[in-house]
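Peer 1: here is my input; please provide its structure:
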Amino acid sequence: MNFKISTKEILHIISLEETELAANMTEELRTHLLKYLNAQVSNLVVNLENVAKIDLDLAKNLLSIQQEYYDHNHSMVLCGMQKEVENFLEENGLIEQMNVTPSESEACDIVQMEEIERELLS
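Peer 2: Residues are numbered from 1 along each chain as shown. This next block holds a predicted model:
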């Protein structure tokens, strides 16, 4: 699986460079994304702008990973989805449960707001 990683002060941006996310990529993606859960910088933005097709099981797994981040008081925001991927997730009832933004900058803003919220509530 090909991806680019960029690190900012409070988050990592993972840009997937695959055009198709197939079921056989599920475990590799899960392992890669969860390794940041216990890192010093533990919030994630996952940029899906290159992904034109996604397998249903992998999409469900992505939702599960996102929930694990929130269960550990960290953020994971998906961004840049192509319309076909967004429609597929909507048809399968997943998009309403995901934290999704149209752009990477909006995803970074969400992570920053959630960080402030966590600081205020602690």
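Peer 1: tell me which residues are up against the longest helix seen in the chain.
Peer 2: Secondary structure assigned by DSSP state H gives helix 104-121 as the longest helix of the chain. Contact with helix 104-121 is made by 8, 10-11, 13, 43, 45, 47, 73, 75, 77-80, 99, 101, as judged by CB atoms under 8 Å, 6 or more residues apart in numbering. In short, each C-beta sits where N, CA and C put it, glycine included.
Peer 1: for those residues, which two are the farthest from each other?
Peer 2: Greatest spacing in the contacts of helix 104-121, by CB to CB: 73 and 80 (24.8 Å).
Peer 1: ok, those two, which is more surrounded?
Peer 2: residue 80 (21 against 13; other CB atoms under 10 Å).
Peer 1: any idea how far residue 18 is from the residue nearest to the more buried one when sequence neighbours are not counted?
Peer 2: Leaving aside its chain neighbours, residue 80 sits nearest to residue 49 (3.4 Å; criterion: CB to CB, 6 or more residues apart in numbering). From residue 49 over to residue 18 the distance is 11 Å, taken as CB to CB, to the nearest Å.
Peer 1: ok, and what's touching stretch 74-85?
Peer 2: Contacting residues not belonging to stretch 74-85 are listed as 11, 33, 37, 42-49, 51-54, 62, 65-66, 69-70, 89, 98-104, 106-107, 110-111, 114-115 [CB under 8 Å, 6+ apart].
Peer 1: spit out the contact partners of residue 103.
Peer 2: Going by CB under 8 Å, 6+ apart, residue 103 touches 79-80.
Peer 1: next, it: phi, psi?
Peer 2: Main-chain torsions, residue 103, degrees, to the nearest 10: phi -130, psi 160.
Peer 1: check which residues of stretch 53-71 are buried.
Peer 2: By neighbour count with 16 or more other CB atoms under 10 Å, stretch 53-71 contains the buried residues 54-55, 58-59, 61-63, 65-66, 69.
Peer 1: related to what we said a few turns ago, which ones among the contacts of stretch 74-85 lie within helices?
Peer 2: With helices taken from DSSP H, the overlap with those comprises 33, 62, 65-66, 69-70, 89, 104, 106-107, 110-111, 114-115.
Peer 1: right, and residue 11 touches residue 40 too?
Peer 2: No - the pair residue 11 and residue 40 fails to qualify as a contact (CB atoms under 8 Å) at a distance of 11.5 Å.
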